[in-house]
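# Need a 3D model of the sequence below.
(one chain, ligands or ions: 1)
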Amino acid sequence: MSLYYEAADILSASLSGKGSIQSLVYSNKTLKNKPGHLFALLSEASKWSPVLKDIINQSGVLAIEKKLTPTLALLLCHDLLLSKSGIAAPSAHPLRLSISRHKARLSAELTKIRIKRGYGSLDELKASIESLSSEGNKRIRWVRVNTLKISLDDLSATLLHGYKHTTSLQEISDASSDDKLYYVDAHIPNLLALPSTANLLKSTAYAQGQIILQDKASCFPAVLMGVRPGETIVDACAAPGNKTTQLAASCGDSSARVIAFEKDKLRALTLRKMVERAGAQHIVSINGGQDFLACDPESDQLRTVTGLLLDPSCSGSGIIGRDDIATVELPGSPTAVDQTHIAPSRKRKRGPSKDTASIPSQIQIQDSPDASLVEAEPIMADDLKSRLQGLAKFQLEIIKHAMSFPAATKITYSTCSIHATENEEVVFGALASGIARERGWRIWTREEQVSGIATWPRRGSQEAVEASIKAHQGYDQDPIELAEACIRCCKGTDEGTMGFFLVGFLRDGGESPEEEQDEWNGFSDDEV
Ligand SMILES: C[S@@+](CC[C@H](N)C(=O)[O-])C[C@H]1O[C@@H](n2cnc3c(N)ncnc32)[C@H](O)[C@@H]1O
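Below you'll find the model as predicted:
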């Protein structure tokens, strides 16, 4: 029976924001059960959780069986109804009995749900659950062409030889493993999409740094930055170096340069390797093992820096593969259908249970471009909330430090988090800060963004912006303009990106870079 207790503990820890199910299972060396067995149970039960939640809620079993917590009920009900080998416990075990004595009722609820959803058999329902779960997985492999090493045209003759160009991203995500297709992205220059089955890691192009496997969302900040000749750009949190090498590629053979900070010495080694593989060592200076927050913006190296790209450590909740944290639905909470926010979990009346209180039961993302996802903060698990607040404090410090660079006129701030706490709220904390007011920093409006970024439809959450403005009294700005200035990407959409957030800050003035700057109007539609 320890299997179910151990799995329930892992699920509760994941739901409180302590990590993905995968990392919690495979990083724990003291597990009593086989990691593979635990992971299979947890990922299957998570996949089925929207159905199992309804079955358990409709059956009323949680109100009758005092031994069952919602997570235990989810796991046991999964094995009772859906696992070929049934519940892995002796038939007389009290926990097994607590669910199996309701088998008839639970099976009847499963049948009801199946019929309601229009499936003729359990196999048909299973096939639909499988296809839904694979939709959340990455089907697209984003490939950035490293123009320091090769042009897109030359890559077409080598790596892409035998591949057919398509103008439909959908065709890429629908491709079978034999399909050799590529798509040229409309927002990011030199970015391709290939079917995820394309085995690029073994290609010469990858080994020689001609291509960099980088999610589309992660390419947005360097494009927004728009490096111009003569500039010096700081990448403040650089390893492993995706954005550093992208910035370097946009410097090309101009006189622009990049200074990359990476606090962690080991990660700085990875950064160095990546910069070398990308052929960017003559463009990038690496401040390895150095804390960006401890650097002196007035130093000789930094006082002429004109732009800073900030991509600090974050919760990583937008990363694909961490879906399992956010999408498990537990019984004991209402069935949410068309909600933008996490549905509040109903507190159970009987005694306290460690996995019931304040657990996000569901996150639903509204697909409308102007209302991207935000979490309903008040019902966040306490652990997650305090972890996010700690991250947000650090992220705000990074922005404020960047705002103190004397010649800087532009900053980009990004996270691969879906949480407003790390995104919109940090942004407006920064705008309302003393240093922003003193140095004249303001938001980089949508109208001022380069076309590939300005035309991206998913923008910040107006609701989160309004809440942030309220929290920073005296900061009087148009919430619509501010939300429009923020860029969001959502995972699990047809756009094939991970969850991501980006915003920019601008100010007039600052010292000019040493060289004369060319007039630069951003990327035109023809170029992307
Ligand atoms: C989200 S990752 C950056 C990913 C990177 N921008 C890319 O696109 O490949 C954040 C990085 O910032 C580093 N970091 C965190 N705090 C830092 C600080 N105060 N100074 C410099 N680097 C820091 C972390 O070690 C980590 O490698």
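# Residue most distant from the centroid, the protein?
Centroid-distance maximum for the chain: Ala92 at 44.4 Å, with CA atoms, centre = their mean.
# On the three-state scheme, that one is what?
Per DSSP: H, G, I helix; E, B strand; the rest coil, the local secondary structure of Ala92 is coil.
# Okay, and Leu247 sits in which element?
helix 242-251 (DSSP states H and E).
# hmm, who's touching that helix?
144, 146-148, 190, 212, 214, 218-219, 221-223, 225-227, 233, 235, 238, 256-258, 260, 271, 274-275, 278, 280, 283-284, 309, 311 (CB atoms under 8 Å, 6 or more residues apart in numbering). Using the backbone N, CA and C atoms, a C-beta is placed for each residue, glycine as well.
# swap in stretch 116-131?
47-48, 51, 82, 110, 113-114.
# Relative to the ligand, which residue of this structure is the closest?
In the chain, the residue that lies nearest the ligand is Cys237 (3.0 Å; CB to the nearest ligand atom).
# residues touching that residue, list them.
261-263, 292, 310-313, 398.
# Identify the residue spatially nearest to the most centrally placed residue in the chain, adjacent ones excluded.
Nearest to the mean C-alpha position of the chain, by CA atoms, centre = their mean, lies Gly318 at 1.5 Å. Counting by CB to CB, 6 or more residues apart in numbering, the nearest residue to Gly318 once its immediate chain neighbours are dropped is Gly499, at 2.4 Å.
# Wait, Ala198 touches Trp142, no?
No: the criterion here is CB atoms under 8 Å, and Ala198 misses it with Trp142 at 11.1 Å.
# neighbour-wise, which of these two wins?
Taking other CB atoms under 10 Å, Ala198 and Trp142 do not tie; Trp142 has more neighbours (24 against 21).
# Give me the three-state assignment for that one.
Criterion first, three-state DSSP; result for Trp142: strand.
# Touching, it and Phe220? I think so.
No: counting by CB under 8 Å, Trp142 stays clear of Phe220, with 11.7 Å between them.
# ok, Gln421 to His282 distance?
Actually, residue 421 is Thr rather than Gln. 40 Å (CB to CB, to the nearest Å).
# Please apply the same query to Leu80.
As judged by CB to CB, Leu80 and His282 stand 63 Å apart.
# got the angle for the helix or strand that contains Ile286 vs helix 242-251?
Counting by DSSP H and E, the element that carries Ile286 is strand 284-288. With axes from the mean of the first three to the mean of the last three CA atoms, to 10 degrees applied, the angle from strand 284-288 to helix 242-251 works out at 160 degrees.
# what's the offset of strand 284-288 from the middle of its chain?
26 Å (CA atoms, centre = their mean, to the nearest Å).
# now stretch 307-315
Worked out by CA atoms, centre = their mean, stretch 307-315 lies 14 Å from the chain centre.
# How about stretch 66-86?
30 Å.
# residues of that stretch that come out buried?
68-82 (16 or more other CB atoms under 10 Å).
# And the residue lying closest to Val61 once chain neighbours are set aside, how far from Ser91?
The shortest distance from Val61 to any non-neighbouring residue, by CB to CB, 6+ apart, is to His102 (4.9 Å). To Ser91, His102 is 15 Å away according to CB to CB.
# Excluding residues flanking it in the chain, which one is nearest Leu200?
Tyr206 (5.3 Å).
# ok and the host helix or strand of Phe220 relative to helix 242-251, angle-wise?
Following DSSP H and E, one finds Phe220 within helix 216-225. Relative orientation of helix 216-225 versus helix 242-251 (the same axes, to 10 degrees): 40 degrees.
# What strands flank the helix or strand just after helix 216-225, and is each parallel or antiparallel?
Downstream of helix 216-225, the first helix or strand assigned by DSSP H and E is strand 232-235. Strand 232-235 has the following sheet partners, assigned by DSSP bridges: strand 257-262 (parallel), strand 307-310 (parallel).
# Need the nearest residue in space to Ala8, chain neighbours excluded.
Thr71 (4.1 Å).
# Would you mind confirming that Cys486 is in contact with Asn423?
Yes: under the criterion of CB under 8 Å, Cys486 makes contact with Asn423 at 7.2 Å.
# out of the two, which sits in the busier spot?
Asn423 (31 against 25).
# Pull the contacting residues for that one.
Residues in contact with Asn423 (CB under 8 Å, 6+ apart) are 415, 417, 460, 464, 486, 488, 501, 503.
# Where is pLDDT lowest across those?
Ranked by pLDDT, these bottom out at Ala464 (88).
# Next, the contact list for Ala88, please.
Contacts of Ala88 (CB under 8 Å, 6+ apart): 3-4, 79.
# Does it belong to a helix, a strand or coil?
coil.
# what's the distance between it and Tyr413?
48 Å.
# Please apply the same query to Tyr5.
Tyr5 is 42 Å from Tyr413, by CB to CB.
# Also Phe505?
Phe505 is 7 Å from Tyr413, by CB to CB.
# Can you give the domain ranges for this protein?
2-134, 140-213, 218-317+383-506 (automatic domain parsing).
# tell me which parts of the protein are close to the ligand?
Taking CB under 6 Å from any ligand atom, the part of the chain that reaches the ligand is made up of 218, 236-243, 261-264, 267, 291-293, 311-313.
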